[in-house]
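In: coords below, sequence missing:
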């Protein structure tokens, strides 16, 4: 699955927690959402740093600071907007392994992200499983 196809699929299945997702779909989506939120936040950081350059004590003020803060708010809003499809594709990825999507609650436990990472990296079960047919 290509980058564009994975992003399109995740937006089409915005809140679909049923079915299966291939590794490529999951990892392309993770790259997309990380890049989008990261670039917006980085631009905001550049404006905040530019606002503090040349000021005594490095205190940021002025219109550049306001623009930087707006970018930070936009990054937060975008990240929240991408949260549902991120959990949905994570759930479908776990389904591809024959596991419950509820395992994503491991993110609430220390080191649970490591366990989830291992599950997400592993290949899917061949053929059909409890959650449906293997996606092609």
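Out: Perfect, thanks for sending it. Model, not experiment: these values are computed from the prediction.
In: where does the protein have low pLDDT?
Out: 57-58, 60, 136 (pLDDT under 70).
In: Can you give me the distance of the residue lying closest to residue 55 once chain neighbours are set aside to residue 50?
Out: Distance criterion Cβ to Cβ, 6 or more residues apart in numbering; nearest residue to residue 55, sequence neighbours excluded, is residue 61 at 6.7 Å. To be clear about C-beta, it is placed using only N, CA and C from the backbone, and glycine gets the same treatment. As judged by Cβ to Cβ, to the nearest Å, residue 61 and residue 50 stand 12 Å apart.
In: Remind me which helix or strand residue 120 belongs to.
Out: Here residue 120 sits within helix 112-121, counting by DSSP states H and E.
In: same for that helix, what does it pack against?
Out: helix 23-52, helix 83-96 (3 or more Cβ pairs under 8 Å, 6 or more residues apart in numbering; DSSP states H and E).
In: Could you give the number of residues near the residue nearest to residue 55?
Out: 10 (other Cβ atoms under 10 Å).
In: same question, the one 5 residues further on
Out: Under the neighbour criterion other Cβ under 10 Å, residue 66 is assigned a count of 13.
In: Now it. Its backbone dihedrals?
Out: Per-residue torsions, residue 66: phi -60, psi -40 (degrees, to the nearest 10).
In: distance of it from residue 31?
Out: Taking Cβ to Cβ, one finds residue 66 at 31 Å from residue 31.
In: same thing with residue 106?
Out: 22 Å.
In: Now do the same contact list for the residue of the chain most remote from its centre.
Out: For the chain, the residue at maximal distance from the C-alpha centroid (Cα atoms, centre = their mean) is residue 56, at 38.5 Å. By Cβ atoms under 8 Å, 6 or more residues apart in numbering, no residues touch residue 56.
In: Just give the closest residue to residue 134, not the sequence neighbours.
Out: residue 127 (5.9 Å).
In: on that earlier part again, who's more crowded, residue 106 and residue 31?
Out: residue 106 (16 against 13).
In: Can you tell me the closest non-neighbouring residue to the more buried one?
Out: Using Cβ to Cβ, 6+ apart, the closest residue to residue 106 is residue 112 (3.2 Å).
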